[in-house]
Structure formats: structure tokens, C-alpha cells
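S.K.: Take this sequence and fold it.
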Amino acid sequence: MSLEQLATATGLTKSYLSKVERQLAVPSITTALKVSRVFGQTVGQLLGESLDESSLCIVRKNERHRFLKNDTHNGYNIEAIASSLPHKRMEPFVMRPPHKFHSDRRFTHAGEELIFVLSGQIEIEFIDRTVLLEAGDALYFNSHNPHRSRSIGETRAEALVVVLNQP
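M.R.: Numbering: from 1, shown residues only. Here you go, the predicted model:
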């Protein structure tokens, strides 16, 4: 890519980019982000940092680790995603909630939660309201709020759930 093309793509001047290239100017974080986005890289990769394999965790569908199965007392089926990656700030998993609530228990935990419905319909019940989600819908909330979910309709719903770990 020429400096002119990069200048056009980033909105920066060609002369400034030339100075950065020749190490006569030090780019700001904003500038580094603009340039890295043009090349589809992180700033670290742009600066020569290689991707550490320990920062990747690929989990194939048939390799998911189940930690709650249909036969548990609450009826949830939950499979962990990225369970082998240590020190992560998010806990992603696939959830298949039961069709019926098995108790009055609602879940509460530290952090925030994102539920993205992959298939079916899910009802999420809070103390003061109930939210119905269909495939393609998402719900983001503070998970300190007591909540529970169930599948609605004939087929069991499936959702991607991501919980942000709080220190």
C-alpha cells in the first residue's frame, strides 16, 4: 500500500505518515489505531508483536465441556466455551434452558451478562418484569439482578451467554 493510499484510508496526511515511517515522528494511540484498522491488525501486531498461542482457545462444537446437563435438578443444559483458557475476563457458554421452572430460585452473580438467542424462544424472568427473546434477539443486563430463564415453544431454545467476570 502506498503512503497516499494509507493517507486516504486513515484521514492522515501523507507527509505525517512518511515521518512516522522514517521514525521522525511518534504516532499517538489514535493514529496507531487508525493505521492498524486499515491493515486489519491490532496495534501490537502492527508494531511487530506476534500472536501468543496461549491467548487463543479454539473449541469445536463436539469439544465443548458440559458442566450442567439435562439431568440436573434445575433442567438447564450448559456447555462451556473457552474453558481451557486461563485468566479470561469473560465466561462464554451455550445455554439450553428447560421448558419449565423447577423452583422459585432466581440466579444472581457478580458482573454483567449478555444473552444472544441462537434458536428458539427464551423467556427471561426478573423480579419486576419478564422479557421474551427470539432467535437473533439479545439482552444485556447487570447480573446482580435476580433472574432465571426458560425455553418457550415446542423446541428447546439455545443461546450464547457471556458473563463478564468481576474481580
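S.K.: Next, Ser36: phi, psi?
M.R.: phi -60, psi -40 (degrees, to the nearest 10).
S.K.: err, Glu63, not the other one
M.R.: When read as degrees, to the nearest 10, the backbone of Glu63 gives phi -110, psi 0.
S.K.: Tyr16 in helix, strand or coil?
M.R.: helix (DSSP: H, G, I helix; E, B strand; the rest coil).
S.K.: Neighbours of the residue lying closest to it once chain neighbours are set aside, how many?
M.R.: Spatial nearest neighbour of Tyr16, excluding adjacent residues (Cβ to Cβ, 6 or more residues apart in numbering): Ala25 at 6.5 Å. C-beta: built from backbone N, CA, C; applies to glycine. Ala25 is flanked by 14 other residues according to other Cβ atoms under 10 Å.
S.K.: Pretty sure Ala25 sits in a strand.
M.R.: No - assigned with three-state DSSP, Ala25 falls outside any strand and is coil.
S.K.: got the residue ranges for the helices in this structure?
M.R.: Taking DSSP state H to define them, one finds helices in the chain at 3-10, 14-21, 29-39, 43-46.
S.K.: So which of those helices is nearest Glu112?
M.R.: With Cβ to Cβ, the closest approach to Glu112 among the helices of the chain belongs to helix 29-39: 24.6 Å.
S.K.: What residues sit buried inside that closest one?
M.R.: Residues of helix 29-39 classed as buried: 31-32, 34-36 (neighbour count, 16 or more other Cβ atoms under 10 Å).
S.K.: Name the nearest of those residues relative to Tyr140.
M.R.: Ser36 (27.0 Å).
S.K.: Model confidence score at that closest one, please.
M.R.: Ser36 is assigned a predicted lDDT (pLDDT) of 78.
S.K.: What distance do you get for it to Leu6?
M.R.: Counting by Cβ to Cβ, to the nearest Å, the gap from Ser36 to Leu6 is 11 Å.
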